[in-house]
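S.K.: A predicted structure for the sequence below; I have some questions about it.
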Amino acid sequence: MLRLPRQSAIAIERDFPDRLSVGTPTRVRLKLRNQSGRTLRIWVTDQLPLELKAEPSEIESTLRRGESCEVDYHLVSHKRGQYTIEKMDVRILPVAGLLVRQFTLVNPVAVEVFPNLSNLKRYDLQIRKGLSFEQEEMEIDPAGSYFSTKDFVGPGGQYAMIGFGSFGQPNMESFIDNPLYGLLEGEPARVPTISSPLFNPALPPSAANAPFLPSGAAAIPRGRSNRASDSGQFGLAARYFAEGLNDTEFGFYFINYHSRLPVISAMTGRDILGELQPTINLITAGIGQIDAGLAQVVGGLTQVEGGLTQAEAGLAQVNGAIAQLEAADPNSPDLVGLKTQQATIVGQKEGLLAQQTELAARQASLTAQRAGFAGQLNAIQTQLPQLYPGTARYIFEYPEDIQLYGVSFNTEIGATGISLQGEVSYRRDVPLQVDDVELLLAGLTPARPSLGNIGVIPVVDTNGDGVPDMGNPAWQGRSMTQLGQQDFNSYVQGYRTFEVWQPQFTVTKLFGPTLGASQWVLVGEAAATVVPDLPSKDVLRFDGPGTALSGDPLAPAILAGVGHAQDHFESADAFADDFSWGYRLAARIDYMDVIGGVNLSPALVFAHDVDGNTPLPLGNFLHDRKSVTVGVTASYQNSWQGSIKYTEFFGNEDYNLMHDRDFLQAMVQYSF
């Protein structure tokens, strides 16, 4: 037994075979950590000691259970039903020549092996127990990388976008100041801009680099993940070799583990309208005072205008009388009185005109002040929908204490060269993802009526008080999400736990020398994922690949007021089903010593998900998804190996997010 400190740069692991005997070859793996902390693995061969005692070994290990074939990734795409304790690096899944053991990463595990202590040459019963003392999540494709299918999930993803396919993708590299954020203590003052209206011809050119998203779209920031505990993961495995049953080996497994696949939940946003209400009240009160002052000014102007009218009439009358007297008797003594009266009226008129000018200036000043206050209200009314999503969060969770029970068998049919493997696994408390659109909408629709359907219904003043009310009365009580209305600052669980069954069956046929080949190998594997208690899609929809829109058939009608009348909704067939299955076929031909000791092995792999959609994050099957991989592998003296492969994805292009990601790859490796 070898114990090394946890900080060691090198650790050693022994991979015990299923049947132990003295002198049996077994592999030992050396693991070295590079500067980035990534564990590198090197396989070497060793011999078991003469005596093998049951003793614990505190090592970093990968644990394997079940009978799924160790073939290329493209063959065993229902791998997630198999690997529960192991950490997986799904970023390297498409690498040519990849075996299942190569995308499982080392994990700190204490393993104890209890072989049968009799003096048999072959141990008929082997029992293993394991304890994992460090929780590590799967490594997911980074946002924007070639094989990433959900950019807001992978490393680098910062926002989840809800645009219903109608608006341009915001440019997360470009941020501008939003003055309204200054009213919200503790919130950032920068928000994403619209990258380009070219993504949506309906957007005007002025929409480019707009300081807020159009009504009907929302950007929800990513929150801090809730990681699982490092403790509480353990397992027990027993293998029994039944010589009397055609040399059949049976396996029995129990594992209590934490999810290594993330599920998405949400935190609803803050009561932005409530937080801004004091400001809104001040603005509204200021507008009220200004309106009262304007009313007084308008009243004064009305009086002045009346006085001017009277003065003009009196002045016209006096001017007429003066004209008559001057025509009749230019020296009449009455002219002095009339001219005095004329001067008085002119003075009154000039006073009224000065008063009118003063009142007009005051009216202009009050009008400008009112426009300023109204502009602030309008800014709040326009940008409030963007402020609320900015305070909501989507988070990743890794639920704990999932229990797995499994039974497997492995046998051969006489001398036919056909081997059969199979297993049935049953898991309790498996977290399955609620449709992410339903979840994100729930995060945008708190229960308060003034914020009902925020982000998808235009901001309107429903009661005429000058205060923006979020929510269209026509849709009050009509939730856009099956999760219902939510409270502010509340947790929305984005998953439900279920019992999950997975049966699978593998047939392998080995042919001898044929048509110049040293041997042929044919492998067929079929599997199914069964979730017996998954609710009806009318009750709650669970996530399936490519479901970017709401599954509510009324969504286009509800969203018609914000320009989504022509949008579509996802068909119920696109969401997760309680039963899904598929099969994989593989063929390999080995030509030994073709040229100078070089062996060639052309291969063909075909994968077909026949029916049903497996709920995410399992994602084992997607209805009618297919892929085919063709390639050839060359090896030399069991040390050098190289391969070139081409993979094509097709079938169910509407929801198969890999259908346009065909690729050609080459690989060279050296084993020592």
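M.R.: Received, thanks. Because the structure is a prediction, the values reported are computed rather than measured.

S.K.: all helices in the stretch 151-300 of the chain, in order from the N-terminus.
M.R.: Secondary structure of the stretch 151-300 of the chain by DSSP state H, counting those that start in this stretch: the helices cover 272-328.

S.K.: Count the residues that sit near residue 315.
M.R.: A count of nearby residues for residue 315, using other C-beta atoms under 10 Å, gives 17. From N, CA and C alone the C-beta is placed, and that goes for glycine too.

S.K.: Is the residue nearest to it when sequence neighbours are not counted in a helix, a strand, or coil?
M.R.: In space, not counting the residues next to it along the chain, residue 315 is nearest to residue 345; the distance is 4.6 Å by C-beta to C-beta, 6 or more residues apart in numbering. Of the three states, residue 345 takes helix according to DSSP: H, G, I helix; E, B strand; the rest coil.

S.K.: from what I can see residue 345 touches residue 311, true?
M.R.: Yes - the criterion here is C-beta atoms under 8 Å, and residue 345 meets it with residue 311 at 5.5 Å.

S.K.: which residues do those two both contact?
M.R.: Residues touching both residue 345 and residue 311 do not exist when contact is defined as C-beta atoms under 8 Å, 6 or more residues apart in numbering.

S.K.: coming back round to it: check the residue nearest to residue 315 and give its pLDDT.
M.R.: Note for residue 345: predicted pLDDT of 87.

S.K.: And the one 5 residues further on, by the same measure?
M.R.: At residue 350, the pLDDT value in this model is 91.

S.K.: Which strand or helix spans it?
M.R.: In this structure, residue 350 sits in helix 334-391 according to DSSP states H and E.

S.K.: now residue 669
M.R.: Secondary structure assignment for residue 669, by DSSP H and E: strand 663-670.

S.K.: repeat for residue 496
M.R.: In this structure, residue 496 sits in strand 495-511 according to DSSP H and E.

S.K.: That strand pairs with which strands, and in what direction?
M.R.: For strand 495-511, the paired strands and their directions (DSSP bridges) read strand 418-433 (antiparallel), strand 519-530 (antiparallel).

S.K.: Let me see the mean pLDDT of that strand.
M.R.: Average pLDDT, strand 495-511: 95.

S.K.: go on, stretch 651-661?
M.R.: Stretch 651-661 comes out at a mean pLDDT of 92.

S.K.: now do stretch 578-596
M.R.: Over the span of stretch 578-596, the pLDDT mean works out to 94.

S.K.: could I have it exported to PDB, CA atoms only?
M.R.: Coordinates of the C-alpha atoms in stretch 578-596 are reproduced here as PDB (Å, rounded to 0.1, in the frame of the first residue of the first chain):
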ATOM      1  CA  ASP A 578     -40.800   9.100 -19.400                       C
ATOM      2  CA  PHE A 579     -39.300   6.500 -21.800                       C
ATOM      3  CA  SER A 580     -36.500   6.800 -24.300                       C
ATOM      4  CA  TRP A 581     -34.200   4.300 -26.000                       C
ATOM      5  CA  GLY A 582     -31.600   3.800 -28.600                       C
ATOM      6  CA  TYR A 583     -28.900   1.500 -29.900                       C
ATOM      7  CA  ARG A 584     -25.300   1.600 -31.000                       C
ATOM      8  CA  LEU A 585     -23.600  -0.600 -33.600                       C
ATOM      9  CA  ALA A 586     -19.900  -0.900 -34.200                       C
ATOM     10  CA  ALA A 587     -17.700  -3.000 -36.400                       C
ATOM     11  CA  ARG A 588     -13.900  -3.200 -36.500                       C
ATOM     12  CA  ILE A 589     -11.600  -5.200 -38.700                       C
ATOM     13  CA  ASP A 590      -8.000  -5.900 -37.700                       C
ATOM     14  CA  TYR A 591      -5.300  -6.400 -40.200                       C
ATOM     15  CA  MET A 592      -2.100  -7.400 -38.500                       C
ATOM     16  CA  ASP A 593       1.400  -6.700 -39.800                       C
ATOM     17  CA  VAL A 594       0.300  -5.000 -42.900                       C
ATOM     18  CA  ILE A 595       3.500  -3.100 -43.600                       C
ATOM     19  CA  GLY A 596       6.600  -3.400 -41.500                       C
END
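
S.K.: Which positions within that stretch qualify as buried?
M.R.: Of all the residues in stretch 578-596, those buried under the rule 16 or more other C-beta atoms under 10 Å are 578-586, 588-591.

S.K.: So which of those residues is the closest to residue 506?
M.R.: Minimum distance to residue 506 across the buried residues of stretch 578-596 is 9.0 Å, recorded for residue 584 (C-beta to C-beta).

S.K.: Check what pLDDT residue 57 gets.
M.R.: Confidence per residue is given as pLDDT, and for residue 57 that number is 36.

S.K.: no, scratch that, I was asking about residue 463
M.R.: Residue-level pLDDT assigned to residue 463 equals 50.

S.K.: And for residue 135?
M.R.: Looking at residue 135, its pLDDT reads 76.

S.K.: coming back round to it: who does the helix holding residue 350 touch, helix- and strand-wise?
M.R.: Of the remaining helices and strands, those touching helix 334-391 by 3 or more C-beta pairs under 8 Å, 6 or more residues apart in numbering; DSSP states H and E are strand 218-221, helix 272-328, strand 459-460, strand 469-470.

S.K.: By mean pLDDT, show me the worst of those.
M.R.: Here the lowest mean pLDDT among the helices and strands packed on helix 334-391 goes to strand 469-470, at a mean of 42.
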